[in-house]
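Participant: Sequence first, then the predicted structure:
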Amino acid sequence: MQATGASQPCLGARLARAGMVAVLIAMAGTALLAPALAQVQRVPLRCRLADGPWLPCVMSVEAVGERWRLRFDNTQLSFRHDGKGVVEMQRPAGSWETVKARWSEDQALCWDGICAQGDIPLD
(Lines give C-alpha, C1' and ligand atoms only; values in the text may rest on other atoms or scores of the structure.)
Protein backbone atom coordinates (compact mmCIF):
# COMPACT_ATOMS: atom_id res chain seq x y z
CA MET A 1 0.00 0.00 0.00
CA GLN A 2 1.26 3.43 -0.78
CA ALA A 3 0.96 6.29 1.63
CA THR A 4 -0.94 9.12 0.04
CA GLY A 5 -0.60 11.63 2.81
CA ALA A 6 -4.38 11.95 3.11
CA SER A 7 -6.11 9.87 5.69
CA GLN A 8 -9.10 7.82 4.59
CA PRO A 9 -12.13 7.68 6.91
CA CYS A 10 -12.50 4.32 8.57
CA LEU A 11 -15.05 1.87 7.22
CA GLY A 12 -17.38 2.47 10.17
CA ALA A 13 -17.48 6.23 9.56
CA ARG A 14 -18.16 5.73 5.85
CA LEU A 15 -21.03 3.32 6.61
CA ALA A 16 -22.49 5.67 9.21
CA ARG A 17 -22.37 8.56 6.72
CA ALA A 18 -24.01 6.39 4.04
CA GLY A 19 -26.72 5.40 6.53
CA MET A 20 -27.44 9.04 7.36
CA VAL A 21 -27.68 9.88 3.66
CA ALA A 22 -30.17 7.03 3.18
CA VAL A 23 -32.25 8.26 6.13
CA LEU A 24 -32.26 11.82 4.78
CA ILE A 25 -33.31 10.62 1.32
CA ALA A 26 -36.12 8.54 2.83
CA MET A 27 -37.33 11.50 4.92
CA ALA A 28 -37.29 13.83 1.92
CA GLY A 29 -39.22 11.32 -0.16
CA THR A 30 -41.85 10.93 2.57
CA ALA A 31 -42.22 14.70 2.85
CA LEU A 32 -42.72 15.00 -0.91
CA LEU A 33 -45.29 12.19 -0.98
CA ALA A 34 -47.24 13.35 2.08
CA PRO A 35 -49.65 15.61 0.11
CA ALA A 36 -50.34 12.81 -2.36
CA LEU A 37 -51.01 10.38 0.48
CA ALA A 38 -53.31 12.77 2.35
CA GLN A 39 -56.88 11.59 2.74
CA VAL A 40 -59.17 13.00 0.05
CA GLN A 41 -62.59 13.90 1.42
CA ARG A 42 -65.50 12.79 -0.82
CA VAL A 43 -68.82 14.59 -0.40
CA PRO A 44 -72.03 13.53 -2.19
CA LEU A 45 -73.79 16.57 -3.70
CA ARG A 46 -76.14 17.55 -6.51
CA CYS A 47 -74.66 19.38 -9.49
CA ARG A 48 -75.84 20.93 -12.71
CA LEU A 49 -74.46 22.58 -15.82
CA ALA A 50 -76.08 25.89 -16.73
CA ASP A 51 -79.86 25.43 -16.43
CA GLY A 52 -79.72 21.65 -16.88
CA PRO A 53 -81.21 19.13 -14.48
CA TRP A 54 -79.72 18.47 -11.05
CA LEU A 55 -77.63 15.30 -11.11
CA PRO A 56 -75.93 13.33 -8.32
CA CYS A 57 -72.26 14.26 -8.11
CA VAL A 58 -69.28 13.88 -5.83
CA MET A 59 -66.97 16.63 -4.65
CA SER A 60 -63.47 15.29 -3.95
CA VAL A 61 -61.70 17.74 -1.67
CA GLU A 62 -57.91 17.54 -1.72
CA ALA A 63 -57.41 20.63 0.46
CA VAL A 64 -60.48 22.38 1.88
CA GLY A 65 -60.90 25.79 0.29
CA GLU A 66 -57.87 25.26 -1.97
CA ARG A 67 -58.26 22.29 -4.34
CA TRP A 68 -61.34 20.23 -5.19
CA ARG A 69 -62.99 18.31 -8.04
CA LEU A 70 -66.58 17.74 -9.10
CA ARG A 71 -67.48 14.45 -10.81
CA PHE A 72 -70.85 13.98 -12.45
CA ASP A 73 -72.39 12.66 -15.63
CA ASN A 74 -69.00 11.24 -16.80
CA THR A 75 -67.40 14.67 -16.34
CA GLN A 76 -64.67 15.82 -14.00
CA LEU A 77 -64.04 19.49 -13.31
CA SER A 78 -61.04 20.59 -11.24
CA PHE A 79 -60.97 23.75 -9.15
CA ARG A 80 -58.28 25.65 -7.28
CA HIS A 81 -58.42 28.75 -5.09
CA ASP A 82 -55.39 30.94 -4.47
CA GLY A 83 -56.53 32.14 -1.03
CA LYS A 84 -56.87 35.71 -2.30
CA GLY A 85 -60.26 35.40 -3.98
CA VAL A 86 -59.29 33.95 -7.36
CA VAL A 87 -60.89 30.63 -8.28
CA GLU A 88 -59.82 28.74 -11.40
CA MET A 89 -61.56 25.81 -13.08
CA GLN A 90 -60.20 23.22 -15.48
CA ARG A 91 -62.53 21.33 -17.79
CA PRO A 92 -61.52 17.93 -19.18
CA ALA A 93 -58.54 18.36 -21.53
CA GLY A 94 -58.73 22.11 -21.08
CA SER A 95 -56.59 24.82 -19.58
CA TRP A 96 -57.24 26.59 -16.29
CA GLU A 97 -59.69 29.50 -16.55
CA THR A 98 -60.68 32.05 -13.93
CA VAL A 99 -64.30 31.70 -12.75
CA LYS A 100 -66.48 33.75 -10.42
CA ALA A 101 -68.02 32.01 -7.44
CA ARG A 102 -71.51 33.03 -6.30
CA TRP A 103 -74.38 31.67 -4.27
CA SER A 104 -77.62 31.11 -6.21
CA GLU A 105 -81.16 31.69 -4.95
CA ASP A 106 -81.58 27.93 -4.40
CA GLN A 107 -78.54 27.84 -2.05
CA ALA A 108 -76.16 26.32 -4.58
CA LEU A 109 -72.56 27.42 -4.98
CA CYS A 110 -71.92 28.23 -8.63
CA TRP A 111 -68.82 28.87 -10.71
CA ASP A 112 -69.73 30.37 -14.11
CA GLY A 113 -72.70 28.07 -14.75
CA ILE A 114 -71.46 25.01 -12.84
CA CYS A 115 -73.47 24.67 -9.63
CA ALA A 116 -73.18 22.36 -6.62
CA GLN A 117 -75.77 21.98 -3.90
CA GLY A 118 -75.50 20.21 -0.56
CA ASP A 119 -73.14 20.05 2.41
CA ILE A 120 -70.18 21.75 0.72
CA PRO A 121 -67.03 21.89 2.89
CA LEU A 122 -65.88 25.51 2.78
CA ASP A 123 -63.17 25.58 5.44
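Facilitator: Happy to help now that I have it. In this text the structure is predicted, and so the values were computed from the model without any measurement. Residues are numbered from 1 along each chain as shown.
Participant: so where's this protein uncertain?
Facilitator: Filtered on pLDDT under 70, the chain yields the residue ranges 1-38.
Participant: the helices in it, which residues?
Facilitator: 11-37 (DSSP state H).
Participant: Which parts of it are strands?
Facilitator: In the chain, the segments counted as strands under DSSP state E are 41-49, 55-63, 67-72, 75-81, 87-90, 96-99, 101-103, 109-111, 114-117.
Participant: Buried deepest among those, which one?
Facilitator: strand 114-117 (a mean of 21; mean count of other C-beta atoms under 10 Å). In short, each C-beta sits where N, CA and C put it, glycine included.
Participant: Identify the bridge partners of the closest residue to W103 other than its chain neighbours.
Facilitator: Sequence neighbours aside, L109 is the residue nearest to W103 in space, at 6.1 Å (criterion: C-beta to C-beta, 6 or more residues apart in numbering). With DSSP bridges as the criterion, L109 is bridged to W103, A116.
Participant: my guess is L109 contacts D119, does it?
Facilitator: No - with contact defined as C-beta atoms under 8 Å, L109 does not reach D119; the gap is 11.2 Å.
Participant: still on that earlier bit, so how far is S95 from the residue nearest to W103?
Facilitator: Separation of L109 from S95 (C-beta to C-beta, to the nearest Å): 23 Å.
Participant: next one: C47
Facilitator: For C47 relative to S95 (C-beta to C-beta), the value is 22 Å.
Participant: go on, R102?
Facilitator: 22 Å.
Participant: got it, and L55?
Facilitator: As judged by C-beta to C-beta, L55 and S95 stand 25 Å apart.
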